[in-house]
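Peer 1: Take a look and give me a structure for this.
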Amino acid sequence: MCGIGSFRGCPFPFHFCLCPDDIGRTNLIVNYLPQNMTQDELRSLFSSIGEVESAKLIRDKVAGHSLGYGFVNYVTAKDAERAINTLNGLRLQSKTIKVRNLGRVSWGRGLIC
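Peer 2: Model prediction:
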């Protein structure tokens, strides 16, 4: 399902995916990443927990610097849950990362499930 919603009077596109339960639980969002962390380092960190299908560090489109968050998709929900339990609250440099399920709703350009 797609459409236009609004938040504080501003319209935005939304997408909703009816995914099988395991697919919705394999997608993680990672916040508060160190600014100098690379996409390869993000993948490597999460690969230490289980098999990673994809990892994406979000960067500023113009300047190219990290925006301090990213997405990790595991092959299995079990590995994703283990990553949350193991890595959420991990201190990396001067940051404490937050790891949680992305869920099934994605606002904006795309859908991750």
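Peer 1: Going by C-alpha atoms from here, please, whenever you check contacts or count neighbours.
Peer 2: Noted.
Peer 1: How are the helices of this protein distributed by residue range?
Peer 2: Using DSSP state H, the helices of the chain run over 21-24, 39-47, 77-87.
Peer 1: any idea of the mean pLDDT in the first one?
Peer 2: The reference is to helix 21-24. The average pLDDT within helix 21-24 is 54.
Peer 1: still on that earlier bit, kindly compare burial across the helices of the chain and name the winner.
Peer 2: Compared across the helices of the chain, helix 77-87 shows the largest average neighbour count, a mean of 18 (mean count of other Cα atoms under 10 Å).
Peer 1: got any ranges where this structure has weak pLDDT?
Peer 2: Low-confidence segments of the chain (pLDDT under 70): 1-24, 103-113.
Peer 1: coming back round to it: turn the helices of the chain into TSV, including distance to Lys56.
Peer 2: Output for the helices of the chain, formatted as TSV (distance: least, Cα to Cα, whole Å):
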stretch	distance to Lys56
helix 21-24	17
helix 39-47	6
helix 77-87	15
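Peer 1: looking at those helices, which is closest to Leu102?
Peer 2: Smallest distance to Leu102 across these (Cα to Cα): 7.7 Å, for helix 21-24.
Peer 1: about what we covered before: which one, of the helices of the chain, ends up nearest to Tyr69?
Peer 2: helix 39-47 (9.9 Å).
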